[in-house]
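A.B. asks: what would the 3D arrangement of this be:
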Amino acid sequence: MKNILPFLTALTKNNNRDWFQANRNLYDDARSEFEILVNFLIPQIASFDSAVAGLEAKRTIFRIYRDIRFSKDKTPYKTYFGAYMAPGGRKSVYAGYYLHLEPGNCLLAGGSYRPQGEYL
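C.D. replies: Next up, the predicted model:
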């Protein structure tokens, strides 16, 4: 985890495409470390919740690019890494476990985000 928070701190200060492209290798290293962390967590969670057993980190990690089409904030990149570990991965409609790493704001949470009526 030596590269994740330093990269995200630098990205927070330089959230623009030119900086990101020039430092793409730092992003790749940080994302790789985050993927290793998520791959470590999945079997740990599966030890008490078998529904997440067999998930691959790549199916749980959210992309770093923000959707800025309708946003007043036009910064192009998220300043955190996130992963949702649930049956089916990040797009799952089922309750699961969310990992969020951001400088000064890290958390591991459980639940479901805005579940549809039939899943309540």
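A.B. asks: which residues sit against the lowest-mean-pLDDT helix or strand in the chain?
C.D. replies: The helix or strand of the chain with the lowest confidence, counting by mean pLDDT, DSSP states H and E, is strand 107-111 at a mean of 94. Applying C-beta atoms under 8 Å, 6 or more residues apart in numbering, the external contacts of strand 107-111 come out as Ala95, Gly96, Tyr97, Tyr98, Leu99, His100. Quick note: C-beta positions are derived from backbone N, CA and C, even for glycine.
A.B. asks: which of the residues you listed fall in helices?
C.D. replies: With DSSP state H as the criterion, helices contain none of the contacts of strand 107-111.
A.B. asks: paired strands for the least confident helix or strand of the chain, with orientation please.
C.D. replies: strand 96-101 (antiparallel) (DSSP bridges).
A.B. asks: can you tell me the centre-most residue of this structure?
C.D. replies: Geometric centre of the chain, nearest residue: Gly82, 1.6 Å, by C-alpha atoms, centre = their mean.
A.B. asks: can you pull the pLDDT of the residue located most distally from the centre of the chain?
C.D. replies: Distance to the chain centre peaks in the chain at Glu118, reaching 26.2 Å (criterion: C-alpha atoms, centre = their mean). Note on Glu118: pLDDT of 81.
A.B. asks: and for Ser112?
C.D. replies: Reported pLDDT at Ser112 in the predicted model: 88.
A.B. asks: quick one, what contacts the nearest residue to Gly54 once chain neighbours are set aside?
C.D. replies: Leaving aside its sequence neighbours, Gly54 sits nearest to Ala46 (C-beta to C-beta, 6 or more residues apart in numbering; 7.7 Å). Taking C-beta under 8 Å, 6+ apart, we find Ala46 in contact with Val52, Ala53, Gly54.
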